[in-house]
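> Sharing a model that was predicted from the sequence below.
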Amino acid sequence: MKKMLHKFAKYLSSNFAGYFPKSFRKKFRRSISVVHLEKIEESIYVTYEIEPHINVRFYSDYHAFLITKDNSYKLSTKKNDLLITVKIPLNYLEEYTDGFTIQLKSNDEKMNVKRQINNENNITRFIFNEKLYKVFTSRAVQISSVYQKLRFPDEYEVKDRTVYCNYVKHKNQTLYLNIEDTHINDIDNIYALYAHKFVKVFDVKKIDNDISISNLDQFTKGKFKLYAQKGECMYNIIANTDIKQIFETKEHRFELNNEIKYLEFTVIEHIIHLDELIIEYIGNNKACMVLKHQNIEDMLGKNLLITDVVSNHIKEVLPISSGEYMIEIDDLIERFSRKKLMLQDEEKIYQIKLDRTELDNSLDEEYNYLGEILRVKFYKRIDGYLGFTMKRPKIKRLIKNIDGLILEGYINGNQKFKNLQQSMILIDRNSEQEYILPIEDEFKLSLDPHELINIMSQDKTIIDIYIGYVNDIGEVIRKTKIEYQHSDYKKDTYYSHVSIENMDGDYVNFLVTTTPFNNLKIETFVVPKEIDADKFKRNPNIWLVGERRDTAQENGLAMFEFLRNQTNESVYYVIDEFSKDYEKIKHGENVLKFGSLEHYEISLQAGVLLCTHDFENILPYKPAKGFFDYENTFKVFLQHGVLGRKPVEYHKFYYEDPFDLFIVSSDSEKKDIVMDIMQYESEDIVVTGLARFDYLPFDNLTKDILLMPTWRDWLNNEEVFEASDYFHRYKSLLTNERLNNILEVNDIRLNFYPHYRAQSLFNSKNLKTGPNIDFIELGEESVQELLINHSLLVTDFSSVSFDFLLMNKPVIYYHFDDDKFFRKGLLRPIEETFVGDIAGSEEELVDLIHEAIQNKFVNSVENLDRILKYRDHNNRKRIYESIKSMM
């Protein structure tokens with residue numbers, strides 16, 4: 001009976017969801033978060049919270065399973081209202097030492113965990129059986145071994161090697177640990193273990209029997225224990241006697257109390273507890289802030305710091321009298337980001353604590369910023385400190401109907417904008433040229449196709465549609481994308497189509513479509529007047545191949561060259577004539593310039609399409625049913641890399657006419673990802689290996705290092721990029737003195753090849769590196785040439801690591817933001833997809849690079865069967881034979 005009710009509920013949710021708006025559907029979705037992590041004796045307890053929702057199910061049961069590569073075990077689960085607690089016995093780690101996944105299910109369906117809340121009470125790092133483990137959430141809770149080459153032995157079982165500290169002292173902003181002389185020379189490095197991280201301590205020196213740590217700003221708020229590294233072992237530093245110590249730095253207070261014998265430090269921020277806070281908006285873009293404290297002297301000589309919590313940009317405000325400051329409101333609003341307010345004198349930086357006073361409603365005001373009425377307010381942050389935030393006015397908007405280029409909808413929010421024109425703003429995605437039309441609250445707007453032509457950067461382009469507000473000189477003050485009420489996102493469909501003849505007699509086509517987020521956009525393509533579609537028919541012997549529109553360097557090019565040289569098919573390669581890669585292949589036979597007349601003619605005849613990305617990249621028109629018999633082509637997805645890390649948008653439900661053949665590299669990739677997640681049938685997927693793998697030599701002798709990080713999708717402009725941890729981490733690595741010295745001493749070069757989106761942002765002229773580090777620009781060499789010509793790959797999450805492993809070369813992964821990068825989920829457990837050493841800090845990465853050099857770049861990874869089935873240089877042959885057998 002339960003199963004029947006469950007199936008009926010599932011039928012309702014899947015078949016009638018499209019009849020309700022997105023905002024309404026959200027109320028029925030079960031979102032689940034990890035809210036507490038605790039280690040008690042030999043178990044980890046994970047507590048999930050189900051966020052309030054409307055439950056249409058007749059019943060809901062919850063079970064948790066421990067998942068390994070080959071087995072599944074049911075775990076003890078307790079539910080209390082909206083909380084679910086799962087007990088994970090750590091003895092499973094005795095057998096599955098690399099870790100495992102905890103999958104929560106409801107009514108036999110997997111539940112995707114939305115987020116993990118980290119605070120001082122949640123332990124995400126722990127030691128078990130001499131190994132350090134990390135608990136993190138990526139769709140499911142994962143427990144994974146980190147720093148795998150290090151051991152964490154029990155100090156009391158190896159007393160002869162235990163590291164004892166006689167005393168601790170602090171002098172001139174330097175911490176000194178006096179270590180017993182029998183151990184001091186054996187210590188290689190010092191590490192700090194927090195609840196949420198394990199990091200190497202910088203600026204450490206040995207002076208006689210003392211270990212000095214001169215940079216105390218590297219320690220952050222919270223508790224940490226110090227570990228001493230001796231070779232591959234990590235030893236918790238033990239105090240010989242009771243040591244109690246309190247000392248201060250500019251930002252923190254350090255408390256040391258070794259009641260449990262370990263050197264455990266508690267780091268606390270300097271705090272000023274306000275007795276009264278008075279803020280008055282006085283007009284002319286200014287506010288007067290008065291901070292009152294019971295001890296007036298505590299407020300003397302202190303400047304106010306306004307810190308941007310996103311960019312960390314700091315604005316300093318001088319006092320006009322003790323505790324009184326005049327603040328420019330625009331400084332608070334800048335970048336529309338939250339601000340944290342602190343105080344600073346010559347000695348310390350203080351957090352402003354609001355535990356003795358309350359903020360009143362007078363601090364919540366409306367403010368006109370360039371015509372946009374913002375709600376600005378000072379507030380008490382979660383940590384109790386003083387902050388500032390603003391709320392931009394909501395713009396309710398929706399397109400309700402589309403008829404050709406006539407868009408009917410509404411906008412609601414005009415009362416919160418002063419002296420600005422309510423407008424629809426259309427922007428070409430490449431050139432950023434704008435077409436702006438005024439609109440009313442209720443509108444039925446006819447877009448002028450000739451105006452759209454005027455902003456088109458190229459024949460085939462995308463024009464994004466925004467609703468917003470424009471000032472009297474045409475500047476866009478605010479814009480936001482607009483959803484379509486009846487959106488049903490598919491990559492190869494459209495809601496309306498208009499075609500007009502331009503001045504040259506060519507036919508310009510406009511198609512109104514949506515993004516994956518249901519936002520409207522217009523796609524364009526131009527059909528030359530010379531093209532008579534009725535003259536062309538699909539020919540199964542004509543094959544069209546490509547990659548991204550501007551590249552020729554991986555699976556597409558490899559497949560093209562095989563088909564040209566080893567088969568009788570008429571095969572053509574498509575590429576943009578303005579790309580750097582075009583220069584390398586333009587003199588070859590059957591290379592087509594994207595959008596050329598010949599490209600059009602061949603694209604209308606090609607019976608087989610092969611691409612590493614969507615077919616938008618190789619067709620001059622919209623790949624959709626109804627255009628030039630597109631539905632009668634045989635579509636082969638060559639893939640860009642091996643799947644298993646970040647989710648990609650190639651699911652079958654994203655297409656009305658999906659791929660006929662999906663290329664993968666292993667049986668697990670086929671079953672676990674393409675079938676189970678992307679919903680393709682077994683007969684539509686072939687395990688062949690990627691085409692470009694055929695060019696990879698085995699065990700070729702080289703000696704240089706390739707640093708090749710991938711991109712971060714949240715770095716959406718130059719300012720955010722330059723303030724990002726991503727930029728500063730790689731800049732710091734490239735200028736690391738020890739790394740540069742290692743490269744020089746060993747006569748090895750490190751070549752830095754940023755992701756194509758980051759090429760212009762990583763300015764090689766501003767990277768002051770040593771003589772053995774080079775910046776490789778896009779197009780200098782193909783990615784495959786770079787991989788072949790290097791002996792060690794350092795990357796973060798890029799799937800080119802599989803190419804490297806296939807060549808029997810070592811890979812080192814640099815993970816410092818993996819939780820954020822995989823916030824939408826990780827397709828495979830981390831130990832399956834990241835094969836090799838993982839560094840969590842810069843110094844650990846330098847250590848691993850040095851170790852790889854000393855080991856002459858020998859690869860220790862042996863079994864790759866779960867990732868790469870074949871290593872025989874016959875992948876393209878298998879792909880070709882699979883295509884022919886299915887046509």
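Received it, and whenever you're ready, just let me know what you need.
> mind checking how far residue 749 is from residue 598?
Here residue 749 is placed at a distance of 42 Å from residue 598 (C-beta to C-beta, to the nearest Å). Just so you know, the C-beta spots here come from the backbone N, C-alpha and C atoms, and that holds for glycine as well.
> Ok, residue 755 next?
Distance from residue 755 to residue 598, by C-beta to C-beta: 32 Å.
> Residue 705 now?
Counting by C-beta to C-beta, the gap from residue 705 to residue 598 is 43 Å.
> what residues are up against the closest residue in space to residue 754 that isn't next to it in sequence?
Excluding its sequence neighbours, the residue lying closest to residue 754 (C-beta to C-beta, 6 or more residues apart in numbering) is residue 762, at 4.6 Å. Listed by C-beta atoms under 8 Å, 6 or more residues apart in numbering, the contact partners of residue 762 are 727, 730, 752, 754, 775.
> same question, residue 345
Neighbours of residue 345 in contact, by C-beta under 8 Å, 6+ apart: 301-303.
> measure stretch 521-533 end to end?
27 Å (C-alpha to C-alpha, to the nearest Å).
> ditto for stretch 471-481
18 Å.
> tell me how far that stretch is from the chain's mean position?
30 Å (C-alpha atoms, centre = their mean, to the nearest Å).
> what about that stretch, average pLDDT?
For stretch 471-481, the mean pLDDT works out to 96.
> For it, report the contacting residues that lie outside it.
So stretch 471-481 is contacted by 370-372, 392, 395, 397, 417, 419-421, 423, 425, 434, 436, 464-470, 515, 517, 519-520 (C-beta under 8 Å, 6+ apart).
> Narrow these to those in helices?
Using DSSP state H, the subset of those located in helices is empty.
> Filter those down to the buried ones and hand me the ChimeraX line.
Buried residues within the contacts of stretch 471-481, by 16 or more other C-beta atoms under 10 Å, are selected in ChimeraX with:
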select :370,371,372,392,395,397,417,420,421,423,425,434,436,464,465,466,467,468,469,470,519,520
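> So, low pLDDT: which residues of the stretch 1-150 of the chain?
1-30, 52-60, 115-116, 118-121 (pLDDT under 70).
> all helices for it, in order.
2-15, 22-26, 92-95 (DSSP state H, counting those that start in this stretch).
> tell me how far the last one is from the chain's mean position?
The chain centroid and the centroid of helix 92-95 are separated by 31 Å, computed with C-alpha atoms, centre = their mean.
> So which elements touch that helix?
strand 99-106 (3 or more C-beta pairs under 8 Å, 6 or more residues apart in numbering; DSSP states H and E).
> Output the strand it packs on as PDB, restricted to C-alpha atoms.
Taking C-alpha atoms only, strand 99-106 is exported to PDB below (Å, rounded to 0.1, in the frame of the first residue of the first chain):
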ATOM      1  CA  GLY A  99      36.500   7.100   2.900                       C
ATOM      2  CA  PHE A 100      32.900   6.700   1.800                       C
ATOM      3  CA  THR A 101      29.600   8.500   1.100                       C
ATOM      4  CA  ILE A 102      26.600   8.800   3.300                       C
ATOM      5  CA  GLN A 103      23.400   8.800   1.200                       C
ATOM      6  CA  LEU A 104      20.100   9.900   2.800                       C
ATOM      7  CA  LYS A 105      17.000   8.500   1.100                       C
ATOM      8  CA  SER A 106      13.300   9.200   1.500                       C
END
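> Contacts made by it with the rest, please.
With C-beta under 8 Å, 6+ apart, strand 99-106 has contacts from 30, 32, 46, 48, 60-68, 75, 84, 86, 88, 92-93, 110-111, 113, 133, 140-145, 829-831.
> In strands, which of the residues you listed appear?
Within these, residues falling in strands by DSSP state E are 32, 46, 48, 62-67, 75, 84, 86, 88, 110, 113, 133, 140-145.
> need the contact list for the closest residue to residue 352 other than its chain neighbours.
Leaving out its chain neighbours, the residue that sits closest to residue 352 by C-beta to C-beta, 6+ apart is residue 386, at 4.0 Å. Counting by C-beta under 8 Å, 6+ apart, residue 386 touches 274, 277, 340-341, 352-354, 378, 380.
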